[in-house]
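Asks: what follows is a protein structure lacking sequence information:
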């Protein structure tokens, strides 16, 4: 193993949170910072020259190589876990920018009560709550994070319409959102025909539609760092693609241009970190293997773990940092509070073409009248819900072909099927649920005792299944969709949501949270509210792995808000007096 020259800060991961921490450190201190990314370098030029649907959308070019590392899954501790051999329920990214390159751009703040959810739900529902519910308070409040949400929105140039501006409710925005100190940096994206129908229908029914907040720019924008990007062209190549013109906010077109100006920053790609090395309660550096198979030790005064949720938790387990969670005894914190996201979509069929090939990842309209606990009593066992949306992300020709209403044809291939598919092409949209996934004691992550990755290291094991609450969420949303569809003048797919168990083949979103949850006490959390590890004070674990539970909205904006909150604590407090901040 080759020992390298020491650095002040070694960051594991070159995605949103890793590069955000790097940018704050090199901009505000004299520290030398090294970011280690195991994937390849990439940027605007790579996306502009090659936007092939088969390669990116079907074969998932931008995702981690599942032949080199995957996860195993089981529904309960009574089952035997087996490896996931093809991506289905989530798509972890790799390469510079990580999942922040291939995301849709949907940019929600979490509801204020998410951050004090244990206190809130106990006060509201008391003994009616399920015995195995594992919701926690974060140790930080929405009010503390609000400036960091705004800081992130300015950096990205988020497009949207405020519905709660310093407590004043504004029609046309999301009046159920958390109070905002400022209007969005850029106006909402354009309407699509489908989202226009949804807006009109839901408003007539007494709901409160609003445009989805988007990191897809609605107009040309220069952020506070001086980075200029163009407005969206509505090409539809967002989700699972990097943006070919830079209109979608990504780490490579917002943070990396700033970092490249600093000689104190270095990005090393092809570097697969396999252990965080530590001694006597202090991290001393990281061990990694490069693309040629050579092993290195990178000494560092401070280590920041900033990879995808799965990799953060796995690397802490492999490095033997923290106390692993034991679901039987209820002890330990590392690996607990695993949450995904509760989603479902029901197709709607229209009597005219939509030009649905035009779109943007976050283009659409939503209602949040039942977000969080809005409009719910809990008496029927339904405590939390989320948002219903009609999105126009851009229908790609391969993936969208063959969407048919029930009874259109009995054939599922051949000439008759093709004719029906052509008849209904460009006349299909959907109504979709995006809801909170509450944490339970039986959903967690640990290391698999049998299966290993290409280096022989144990894979991460998921123990995860749906509960009655998630089934109730989907059924409530379907009944709501059944009211909205006729008001839109469209035909709703008649298939009610399945009560099947959690399925690793069906896509659920790439929003995986928890495993290294934050909290005010080391007894039930892995990191403190500043994302500093309780046991190793010069180790910081940033990103969605720190979430004690998920919100209904996409986690990216909150991941960035807690990361910037952590950066301030590190720079303004820790570096001046290294040690435990709490």
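Replies: Right, received. Where do you want to start? These figures come from a predicted structure and were not determined experimentally. Numbering: from 1, shown residues only.

Asks: how many other residues sit next to residue 291?
Replies: Neighbours of residue 291 under the rule other CB atoms under 10 Å: 12. Any C-beta I mention is one placed from the backbone N, CA and C, and that applies to glycine too.

Asks: tell me the pLDDT at it?
Replies: Listed pLDDT for residue 291 reads 94.

Asks: the one 4 residues further on now?
Replies: The model reports residue 295 with a pLDDT of 98.

Asks: ok, the nearest residue to it once chain neighbours are set aside - contacts?
Replies: Excluding the flanking residues, the one nearest residue 295 by CB to CB, 6 or more residues apart in numbering is residue 1, at 4.5 Å. Counting by CB atoms under 8 Å, 6 or more residues apart in numbering, residue 1 touches 287, 295, 296, 297.

Asks: name the nearest of these relative to residue 253.
Replies: Closest approach between the contacts of residue 1 and residue 253, by CB to CB: residue 296, at 29.5 Å.

Asks: residues touching the closest one, list them.
Replies: 1, 2, 3, 4, 271, 287, 288, 289, 290.

Asks: circling back to that earlier point, neighbour-wise, give me the winner out of the contacts of residue 1.
Replies: residue 296 leads these on contacts (other CB under 10 Å) with 18 neighbours.

Asks: that residue pairs with what?
Replies: residue 2, residue 288 (DSSP bridges).

Asks: gap between it and residue 277?
Replies: For residue 296, the distance to residue 277 (CB to CB, to the nearest Å) stands at 11 Å.

Asks: hey, what's in contact with both of these two?
Replies: Common neighbours of residue 296 and residue 277 (CB under 8 Å, 6+ apart) are residue 287.

Asks: related to what we said a few turns ago, got JSON lines for the contacts of residue 296, with distance to residue 141 too?
Replies: Shown next, in JSON lines, are the contacts of residue 296 (distance: CB to CB, whole Å):
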{"residue": "1", "distance to residue 141": "44"}
{"residue": "2", "distance to residue 141": "46"}
{"residue": "3", "distance to residue 141": "43"}
{"residue": "4", "distance to residue 141": "41"}
{"residue": "271", "distance to residue 141": "37"}
{"residue": "287", "distance to residue 141": "37"}
{"residue": "288", "distance to residue 141": "37"}
{"residue": "289", "distance to residue 141": "41"}
{"residue": "290", "distance to residue 141": "42"}
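
Asks: touching, residue 361 and residue 216? I think so.
Replies: Yes - in this structure, residue 361 is within contact of residue 216 by CB atoms under 8 Å, at 5.8 Å.

Asks: overlap in contacts, these two.
Replies: 105, 238, 248.

Asks: end-to-end on stretch 299-312?
Replies: End-to-end distance for stretch 299-312, by CA to CA, to the nearest Å: 19 Å.

Asks: ignore the last one, stretch 102-111
Replies: Using CA to CA, the two ends of stretch 102-111 sit 25 Å apart.

Asks: next: stretch 257-269.
Replies: So stretch 257-269: terminal residues 17 Å apart, CA to CA.

Asks: again with stretch 119-139
Replies: One end of stretch 119-139 sits 11 Å from the other (CA to CA).

Asks: give me the mean pLDDT for it.
Replies: Per-residue scores along stretch 119-139 average to 95.

Asks: identify each buried residue in it, please.
Replies: Buried residues in stretch 119-139, counted by 16 or more other CB atoms under 10 Å: 120, 121, 125, 129, 133, 134, 135, 136, 137, 138, 139.

Asks: in a markdown table: those residues, plus distance to residue 74.
Replies: What follows is these, written out as a markdown table (distance: CB to CB, whole Å):
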| residue | distance to residue 74 |
| --- | --- |
| 120 | 32 |
| 121 | 28 |
| 125 | 30 |
| 129 | 26 |
| 133 | 21 |
| 134 | 18 |
| 135 | 23 |
| 136 | 24 |
| 137 | 29 |
| 138 | 28 |
| 139 | 31 |
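
Asks: cheers, nothing more for now.
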